[in-house]
Every structure is written in structure tokens, then in C-alpha cells.
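Colleague: here are the coordinates; sequence isn't available:
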């Protein structure tokens, strides 16, 4: 049996990689992939703690997180396609179309 600490170390590593991707990269697609890594690390934490506590609530909430993540990806990719058609770039610094 794998200790819970290993899952927490994996989740922390994924979260740090995702946070670094959000803060350091300028491509919107890579920023979204980094956000997905961060959400996956949260899901791993929920599953690890749910398994450690012998409680199914962690797994149930993890399923909801995965469903919300899938919906977020669908909406974000639609927005990215629209931005790419209008601006012909996916660089964060050049996308000022949402400013009022």
C-alpha cells in the first residue's frame, strides 16, 4: 500500500509546476494547461485524503471537480478559437480585447 504522504508530495509537485506555468508563461494555451495541472493536484489530494479517512466524500467531490474541469476546458477552448480567429495570436500580453 502506498503511503498518503507520497500522494501529497505528488500533488504538491504538480501544483508547483502548474503555478510556475501560470506565472511564467505568456501563451494562453500553456496557462490553461497549467491550470489543469493545478486542478488535477487538488483532485489527487481529495482522493488521497478520502482514501486515508475511508470516506467516499473525497471521491464524490473529486468527480465533481473533474466534471467542472471538463466544462471549463470546453468553454476556454471555444474562447481561444474565437481569440485566435480575431487576433491571430495566443500571447497573453497581446490579448487586450477584453479591456473595457
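Modeller: Arrived safely, thanks for sending. Bear in mind that the values here come from a model prediction, so they are computed numbers and not experimental data. Residues are numbered from 1 along each chain as shown.
Colleague: pull out the buried positions in the longest helix along the chain.
Modeller: Secondary structure of the chain read by DSSP state H shows that its longest helix is helix 57-87. For helix 57-87, the neighbour count (16 or more other Cβ atoms under 10 Å) marks 58, 62, 65, 69, 76, 83 as buried. Using the backbone N, CA and C atoms, a C-beta is placed for each residue, glycine as well.
Colleague: ok, residue 12 - contacts?
Modeller: Contact analysis of residue 12 by Cβ atoms under 8 Å, 6 or more residues apart in numbering lists residue 41.
Colleague: tell me the centre residue of this protein?
Modeller: With distances taken as Cα atoms, centre = their mean, residue 36 lies nearest the centre of the chain, 1.9 Å away.
Colleague: and it, how far from residue 57?
Modeller: 23 Å (Cβ to Cβ, to the nearest Å).
Colleague: count of residues packed around residue 50?
Modeller: 17 (other Cβ atoms under 10 Å).
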